[in-house]
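Structure for this input, please:
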Amino acid sequence: MPSQNSDFRALLIVLILLWVFFSPDSSDPASLTPPELSHKRQARFQGALDVLNTTRWGDFAPDAPLSSSPAPPAETDRPAGDQEQGPRFINITGFSQLDGQGYAWEDLGRFRNRCHEWSRNAFPSTTASRLYDDSWERNIGSGTWKNATGTLHGTWVRRPGTVARQAAGYNLSTIAPGATWPSGLGEWGRNITGGHGKIELRIDEDEGDGVYEEKFDGNTSRGASLAREIQAVATIQDDASEASSLSLLLHGVHWPRQGAILLTTSSEKFDGIFGLPHLAPGPDFFHTGQHLLHQTLGKIIQAREKSKYGFPGNPWGSRMEEDDGYPAQCEYVMYIQLHPLELTRRYDSLQLLESYIEELERELRHPTGAPVGSIPDLRASMVAWSPDCSFFLESKGPPEFPSVDGEHLVGMKEDMFTYTAKEWLIAFAAVLLGQIWLFKAQMKQSSTPSTTGRVSFCTVGTMLFADGMIFVTACAWSLNATITLLPCLLVTFAAFISMFIEGAYLSEVWKIQEPERRIRQREREQAGAASTATLPSTQPSITQPQPPTTQTAPPGAPAQPRQPIIVPSDGDIDEAEQLANLLSGASALPLPATARTPGQPPAANASRPPTPFSTIAGRFVLSGLFLLFLSAVATSWPSHLRSIYVNTLSFLYLSLWVPQIIRNTQRNSRQAFTWRFMIGQSALRLLPFAYFFLREDNVLLADPDPYAFLVLVGWTWIQLWVMCAQSVLGPRIGVPRGWVREAWDYHPVLRDDDLEGGKVGSLPIGLARTGTGLSTTGSVASPVEERGMERAWSVPSLTGTGTASTAEAGESSVSGGGARNREREKEKEREKQKGVTMRSVDCAICRELLEVPVFNNKASSESAASGMGITGVFVRKAYMVTPCRHVFHTDCLEGWMKYRLQCPICREELPPL
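Coordinates of the predicted model:
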């Protein structure tokens with residue numbers, strides 16, 4: 001027997017593991033970074049901020065030719081006399097002249113041109129101006145979302161840069177001397193080598209302090225006069241790479257009136273956030289971006305100077321986790337152009353359109369119940385450039401790609417995404433409650449030992465395991481949920497109730513099926529013992545019988561007297577006392593026949609104690625933890641491997657009816673669950689898969705896969721049809737007889753031959769001496785047969801309108817009896833020709849007449865075989881014959897066997913259905 005504290009120990013281990021993996025990291029960041037490194041970072045950031053504040057538009061021009069004509073006035077803010085010829089750099093890490101020898105700044109002009117093109121495609125210019133002038137930024141971008149907080153996803157295509165760059169061409173120790181770079185660097189991380197892939201952007205824009213707006217007197221006005229601080233998390237998947245998707249944290253500036261967003265990464269070798277205004281598409285973007293970053297970056301630096309931690313890491317770092325190893329990775333500069341809203345209503349003036357968008361965003365942020373109609377999607381186009389790895393990533397869409405290949409980046413606002421997530425959580429909770437209702441109804445139908453014994457433990461266990469995983473996932477989500485907390489708690493509650501009910505019923509199934517498991521275990525042990533005893537020996541030895549010999553003590557050894565046996569008053573001698581008596585010479589102590597010798601190990605075939613259900617529950621918990629850890633590891637796999645993993649788990653989960661089909665075949669049981677339960681559970685458990693496999697804008701932003709969903713639906717449909725065939729045509733339909741044990745057929749083909757043989761095909765008791773409902777003896781077998789005889793053979797004896805006399809009635813009775821006999825003879829002749837006879841018997845349960853078809857002795861083999869056809873199957877479904885040769889209505893005996901597996905007449909044990 002297991003220890004009583006085993007369950008407590010297992011629970012304690014599970015709680016410790018959950019605490020280790022889900023507890024927040026409370027380590028002191030200052031203790032992980034040397035103080036001198038923190039001071040160097042502080043000095044570097046302060047110097048970069050000073051350079052940003054003192055530079056002007058045009059000071060950074062690394063792609064300028066050595067000798068050229070004077071630049072256009074819009075290209076620089078410096079006076080004509082102060083303009084320098086040739087490439088110009090600024091003293092910021094990654095932007096200095098020493099660093100510029102490695103970076104591919106030759107493509108800076110190309111990057112700006114692509115930014116202009118994306119903006120012109122989103123807002124076509126009404127004037128025939130040059131491509132490189134800034135007239136597009138003076139025209140307010142009408143009809144775009146002013147707050148870009150939301151989620152975008154789409155596909156990208158890679159384009160190589162003008163010059164190729166390799167990791168070996170960079171001297172990282174010179175670019176960032178304060179960092180300790182790992183030795184033996186090969187290819188840099190975050191390097192995209194494939195030609196296409198997917199991207200997901202999660203944009204977060206704060207409308208608080210990170211806002212700057214320029215105001216001018218008179219007619220002087222700049223288009224990009226409003227700027228906001230913004231950050232985004234980009235998840236890029238390279239379809240041609242075997243590595244997992246990479247994640248970037250980018251910081252930048254959003255110009256709401258133009259719908260333009262400029263983001264960049266930052267690291268120890270590239271202070272992109274400080275040089276970001278110099279990468280802007282035009283001078284107006286530079287001015288507002290410079291003033292905004294002067295405010296926001298200065299506040300962060302001052303706050304870190306006052307903090308005791310200092311600068312344990314880069315506040316604008318692009319890595320999702322802090323790391324002091326500084327692995328070399330490709331840097332990115334990303335430009336995003338928001339597209340106009342696709343509205344069904346046309347607005348005559350720009351002011352009305354802007355007012356409507358403001359009201360729409362206010363209603364989404366702070367709902368008041370105002371009718372806003374359908375919410376437009378968040379759409380944008382993107383171009384990303386890596387200045388050190390020298391390549392471009394551009395979103396796929398018009399005009400360079402047809403709409404069927406891509407629509408650039410499409411998504412939804414964060415408020416709309418949250419609302420959609422709430423709706424989905426509530427709908428999922430409703431699905432779980434529907435599963436609970438179906439399960440409760442099925443428990444009422446399968447409440448007896450007979451019906452519970454038909455249920456497959458693995459089928460119910462699969463449902464329990466899936467709902468348990470949902471419960472754990474919902475609990476983990478609830479710990480971090482803020483806006484979706486209430487719907488998530490609803491899902492957690494529904495999953496817990498479902499798991500509790502299914503666990504209670506599964507424990508009942510485990511307890512009821514315990515005798516069946518003991519029988520199988522005993523048969524396996526007997527089979528193993530028989531195979532061991534019958535193993536042939538290569539050289540059998542022939543032993544001759546030896547005469548009995550007596551062992552005598554050595555002549556020099558005196559005989560030891562026997563010690564007396566002390567038996568306690570209760571007559572009970574424990575094993576320790578027996579062993580002591582044996583050692584002291586009391587070997588003549590009589591032991592029970594079933595007792596083993598003290599000190600001898602138990603026999604191999606000794607019956608084991610039954611496994612408690614708590615052990616099974618512990619296995620479920622350990623399996624769930626293993627699946628959680630494996631799923632967490634799978635998030636770092638390549639996309640195709642993740643897809644295979646998800647589809648495999650989905651296929652195994654929706655194979656929950658396969659164990660029930662196998663159990664029906666083994667037990668020769670037609671149906672264990674009601675059709676409402678099987679169809680309802682299949683449909684409800686397929687609904688979440690339909691949402692994620694068919695809907696593009698699902699809450700997880702998973703790629704739809706309609707073909708995989710069709711496979712899952714088809715597989716579930718096949719299982720239901722197999723169980724339908726087992727219910728109608730027999731549980732072993734299509735299964736060879738040698739594969740399973742012989743089972744009793746409750747719907748056999750009945751024949752007249754071998755009346756008393758007691759075989760499967762012999763007639764049951766009550767049908768052996770009856771003809772067509774009439775007893776062959778002088779008296780009627782039962783009142784039921786008498787009523788059937790009167791219905792079958794009665795002939796009207798009243799003629800005319802008068803009342804017959806007693807004599808006439810007697811004569812009529814005699815004549816009617818003769819007519820009945822003649823009619824009976826004719827019916828017998830017809831039945832003999834057909835080879836089948838309808839016979840009747842009383843059903844001992846309902847006391848009603850039961851008619852069954854019986855094949856005659858002289859019936860041809862074709863006639864007997866016809867009884868096995870589809871029509872004969874439905875006819876034989878009306879009656880059931882027990883092994884003790886009693887016949888009943890099918891509905892009557894099935895209802896009886898729900899409560900007892902005994903014959904209603906002779907109390908003989910009945911095999912399960």
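
CA atoms for contacts and neighbours, from now on please.
OK.

Poorly predicted segments of the stretch 151-300 of the chain, please.
167-169, 171-187, 209, 216-223, 242-243 (pLDDT under 70).

all strands for it, in order.
Shown for the stretch 151-300 of the chain, the strands assigned by DSSP state E, counting those that start in this stretch span residues 196-205, 211-213, 226-238, 246-255, 260-264.

and the third one with strand 196-205, angle?
With axes from the mean of the first three to the mean of the last three C-alpha atoms, to 10 degrees as the basis, strand 226-238 and strand 196-205 are set at 150 degrees to each other.

A61 touches P87, doesn't it?
Yes - using C-alpha atoms under 8 Å, A61 makes contact with P87 at a distance of 5.5 Å.

Which of these two has more residues huddled nearby?
A61 (24 against 18; other C-alpha atoms under 10 Å).

give me every residue that touches the more buried one.
Neighbour list for A61: 87-89 [criterion: C-alpha atoms under 8 Å, 6 or more residues apart in numbering].

Now render those as TSV, adding distance to V333.
What follows is those, written out as TSV (distance: C-alpha to C-alpha, whole Å):
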residue	distance to V333
P87	20
R88	19
F89	17
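
Which of those fall in strands?
Of those, none are assigned to strands by DSSP state E.

So which of these sit within helices?
Judged by DSSP state H, helices contain none of the contacts of A61.

pLDDT-wise, what's the bottom of those?
Of all the contacts of A61, P87 has the smallest pLDDT value, namely 81.

wait, that one sits on D63?
Yes - P87 is within contact range of D63, at 5.9 Å (criterion: C-alpha under 8 Å).

With I662 as the reference, measure out to R524.
Per C-alpha to C-alpha, to the nearest Å, R524 is found 19 Å from I662.

let me redo that: R676
Applying C-alpha to C-alpha to R676 and I662 gives a distance of 20 Å.

Which of the three states applies to L850?
Secondary structure, DSSP: H, G, I helix; E, B strand; the rest coil: L850 is strand.

what's near enough to touch it?
Contacts of L850 (C-alpha under 8 Å, 6+ apart): 840-843, 879, 888-889.

Buried residues in stretch 484-498, which are they?
Buried residues in stretch 484-498, counted by 16 or more other C-alpha atoms under 10 Å: 484, 487-498.

so can I have TSV of those showing pLDDT, distance to C903 and secondary structure?
Output for the buried residues of stretch 484-498, formatted as TSV (pLDDT from 0 to 100; distance: C-alpha to C-alpha, whole Å; DSSP: H, G, I helix; E, B strand; the rest coil):
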residue	pLDDT	distance to C903	secondary structure
T484	89	58	coil
P487	93	53	helix
C488	93	52	helix
L489	94	51	helix
L490	95	49	helix
V491	95	47	helix
T492	95	47	helix
F493	95	45	helix
A494	96	43	helix
A495	96	42	helix
F496	96	42	helix
I497	96	39	helix
S498	95	37	helix
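
Can you pick out the most distant pair from those residues?
T484 and S498 (21.3 Å; C-alpha to C-alpha).

the strands in the stretch 551-700 of the chain, which residues?
Applying DSSP E, counting those that start in this stretch to the stretch 551-700 of the chain gives no strands.

Can you report how many residues lie near A504?
So A504, with other C-alpha under 10 Å, has 11 neighbours.

re earlier: just name the closest of the contacts of L850 to W105, please.
The closest of those to W105 turns out to be Y879 (C-alpha to C-alpha; 89.4 Å).

Please give me every residue in contact with that closest one.
Residues in contact with Y879 (C-alpha under 8 Å, 6+ apart) are 747, 850, 852, 887-890.

cool, W715 as well?
654-655.

Against S682, how distant is it?
Using C-alpha to C-alpha, W715 is found at 11 Å from S682.

ditto for Q513
Taking C-alpha to C-alpha, one finds Q513 at 25 Å from S682.

where does the stretch 1-150 of the chain have low pLDDT?
For the stretch 1-150 of the chain, the ranges with pLDDT under 70 are 1-35, 66-85, 99-101, 125-142.

again, 90 this time
1-45, 58, 61-89, 91, 93-94, 96-106, 116-144, 146 (pLDDT under 90).

and what of the stretch 651-800 of the chain?
665-672, 696-703, 727-800.

how close does W744 get to T882?
8 Å.

When the two are compared, which one has more neighbours?
Remark: of W744 and T882, T882 carries more neighbours, 22 against 17, as counted by other C-alpha under 10 Å.

shouldn't the more buried one be in contact with C903?
Yes - between T882 and C903 a contact is recorded at 7.5 Å, counting by C-alpha under 8 Å.

and for those two, which residues touch both?
L910.

Ramachandran coordinates for the residue lying closest to I497 once chain neighbours are set aside?
Spatial nearest neighbour of I497, chain neighbours left out: I436 (7.7 Å); criterion: C-alpha to C-alpha, 6 or more residues apart in numbering. With angles defined as degrees, to the nearest 10, I436 sits at phi -60, psi -40.

you'd agree I436 is up against F496?
No - using C-alpha under 8 Å, I436 is not in contact with F496, being 10.4 Å away.

With distance to G47 as extra columns, can I get the buried residues of stretch 484-498 in TSV?
Formatted as TSV, the buried residues of stretch 484-498 follow (distance: C-alpha to C-alpha, whole Å):
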residue	distance to G47
T484	43
P487	49
C488	47
L489	49
L490	52
V491	52
T492	52
F493	55
A494	57
A495	56
F496	57
I497	60
S498	61
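
tell me which of the residues you listed is nearest to A474?
Closest to A474, out of all of those and judged by C-alpha to C-alpha, is T492, at 5.3 Å.

pretty sure the closest one is in contact with G468, am I right?
No - using C-alpha under 8 Å, T492 is not in contact with G468; the gap is 10.0 Å.

Report how many residues lie close to G289.
Neighbourhood size, G289 [other C-alpha under 10 Å]: 29.

try the one 5 residues further on
For H294, the tally of surrounding residues (other C-alpha under 10 Å) stands at 16.

what residues are up against it?
Neighbour list for H294: 49, 52-53 [criterion: C-alpha under 8 Å, 6+ apart].

How about E305?
If you count contacts by C-alpha under 8 Å, 6+ apart, E305 has them with Q42.

if I look at it, how far off is W316?
When C-alpha to C-alpha is the yardstick, E305 and W316 sit 16 Å from each other.

residues near S682, how many?
20.

Would you confirm that it contacts V713?
No - using C-alpha under 8 Å, S682 is not in contact with V713, being 9.1 Å away.

Find residues that contact each of these two.
Counting by C-alpha under 8 Å, 6+ apart, nothing touches both S682 and V713.
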